[in-house]
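[1] just need the structure, nothing else, for what follows:
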Amino acid sequence: MKQIFTLLMAVLVCIPAIGRQTVDIRKAPGNKNRNDRSALCRVRASHHIKQAMRDQKTALILMQQLDRIIFQEYDTESENWVDYSRSDYLFNASGQNTSATESYYNPESGNYVPDEKWSYSYTGSNMVEMLISFWDSSISQWEFVYKSNNTYNPDGTIASELESLWDGSSWQPMGKTENTYDAGGNLITELFYYWYEDTSEWVVSGKTDNIYNANGSILLTTNYFWDPGTSDWIGTYREEYTYNSNWQLLVINYLTWESAGSQWINDYRDEFTYDEFQNISRVTGTQWMEGIWYLEYKNEFTYNNNFSFNDLVLPYDFTNETGLFNHMITQVSEFEYDGSVFVEIDRSIVYYSEVNITGITTIAAGNARIFPQPASDLITFSWDSRLPFLDLTVYDINGRKVMAQTVGNKVPVQADQLAPGLYFYRLTGNNQTEYTGKLSIK
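    Residues are numbered from 1 along each chain as shown. Alright, predicted model coming up:
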């Protein structure tokens, strides 16, 4: 019942994972030089782009950093909102989230008591290790519990994740995930293993398959476990995604596998509503029972529209690849349906501070993925940055700016105003270059 609220606000964790489980919702061929002058123009345009990148490397960028989330519940006896937990976040000078600490409120002492901490380590822009610790009040210090280590593909996508448990003296292997991507950089399969101590080997345990449309928007996620008795994959859980004409998420339908009837059956459903600024304003959850959808909960979202998503410094696990909001989220309120009306029961209040970010680790501009190539009427850009929107600038071979607009990750844009030929593009976010490259129009 608290799927959206928990996954969005526990760390404001994983927007694309709206639902009952965390699901990651995550080259232009160049033509040969026609003549020396065209080649010179291309070099000149490329020089301007690289010079802009160099100019931005030392600039400080003023941004809004998410520092704390306070979780409150409504006390019906006192008829007041009371704190029950909070999450605090720390970042390095480049805006990378280095830790997230969760504390619970002790009403007797009036203080917050530390509970869990997530610590993150990076190599460049890649998060390579996450360490989870629990607070041991008897010795007043953090104790290791769990860690995960990521390896990356050359394009920046996560290739594998190794999970380990701390046994008091050393790290012991626990689980492993291997990821497979399609040519557009979409995660199509996650293969899960567990460590079998008796034989000291990895044993496959489950997988998740994702299906996307031509624009790179996820349509279907299916979870399976491996049955060694039948040597077959057995479906367990499925998520179906529906979008409007602008590729905004409208519905996620959650289904479970009914082995008796050998069919997928409805379980839960989340429906999304957006405000005039294209931010998600409400999520309404219903449960399927005896052939009828019954209202169960809703979440309502509040924003400060003076700041866009790209103005924000956010925790590591906070992603927005499906473009559910474009501005600074300040509060999420959760309501339960009591059979006749919605009653507010929980809320989360989000606090920010103004900071200067160097952004050095994100300057190593690479190529975004573009499809189709060559393009004609529509073109789609796909990138691995957690920014859901970037500013696109397109230059012709003479270095003239011929197109400039804001584009969404994996959201198609009109390109029919461009004449056939070769172009250079630049994608920028947070006032710095994220990606550069070439695109071809036929």
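
[2] hey, which helix or strand in the chain has the poorest pLDDT?
    helix 36-56 (a mean of 32; mean pLDDT, DSSP states H and E).

[3] mind listing what E129 touches?
    120-121, 147-150 (CB atoms under 8 Å, 6 or more residues apart in numbering). Where you see a C-beta, it was placed from the backbone N, CA and C, and this is true even at glycine.

[4] quick one: name whatever helix or strand follows the least confident helix or strand of the chain.
    Counting by DSSP states H and E, the element after helix 36-56 in chain order, helix or strand, is strand 61-75.

[5] hey, where'd the strands end up in the stretch 201-350 of the chain?
    201-212, 218-227, 232-243, 249-258, 263-274, 280-289, 292-308, 312-313, 327-337, 342-357 (DSSP state E, counting those that start in this stretch).

[6] do a quick rundown of the strands in the stretch 1-150 of the chain.
    Under DSSP E, counting those that start in this stretch, the stretch 1-150 of the chain gives strands at 61-75, 80-91, 97-106, 111-123, 126-136, 141-152.

[7] got JSON lines for these, with mean pLDDT and distance to E240 too?
    Below are the strands of the stretch 1-150 of the chain laid out as JSON lines (pLDDT from 0 to 100; distance: least, CB to CB, whole Å):
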{"stretch": "strand 61-75", "mean pLDDT": "90", "distance to E240": "30"}
{"stretch": "strand 80-91", "mean pLDDT": "96", "distance to E240": "31"}
{"stretch": "strand 97-106", "mean pLDDT": "96", "distance to E240": "31"}
{"stretch": "strand 111-123", "mean pLDDT": "96", "distance to E240": "31"}
{"stretch": "strand 126-136", "mean pLDDT": "96", "distance to E240": "30"}
{"stretch": "strand 141-152", "mean pLDDT": "96", "distance to E240": "29"}
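
[8] so which of these comes closest to F389?
    Closest approach to F389 among the strands of the stretch 1-150 of the chain is made by strand 61-75 (14.9 Å; CB to CB).

[9] taking strand 80-91 as reference, get the angle to the closest one.
    150 degrees (axes from the mean of the first three to the mean of the last three CA atoms, to 10 degrees).

[10] got the domain ranges for the chain?
    Domain assignment for the chain, taken from automatic domain parsing, gives 3-26+61-357, 36-58+362-441.

[11] and stretch 300-310, how far out from the chain middle?
    Centroid displacement of stretch 300-310 relative to its chain, using CA atoms, centre = their mean, to the nearest Å, is 17 Å.

[12] mind putting the strands of the stretch 1-150 of the chain in a markdown table, distance to N223 included?
    Formatted as a markdown table, the strands of the stretch 1-150 of the chain follow (distance: least, CB to CB, whole Å):
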| stretch | distance to N223 |
| --- | --- |
| strand 61-75 | 28 |
| strand 80-91 | 27 |
| strand 97-106 | 26 |
| strand 111-123 | 24 |
| strand 126-136 | 22 |
| strand 141-152 | 19 |
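
[13] do you know which of those lies nearest K176?
    Here strand 141-152 is closest among the strands of the stretch 1-150 of the chain (CB to CB), at 9.8 Å.
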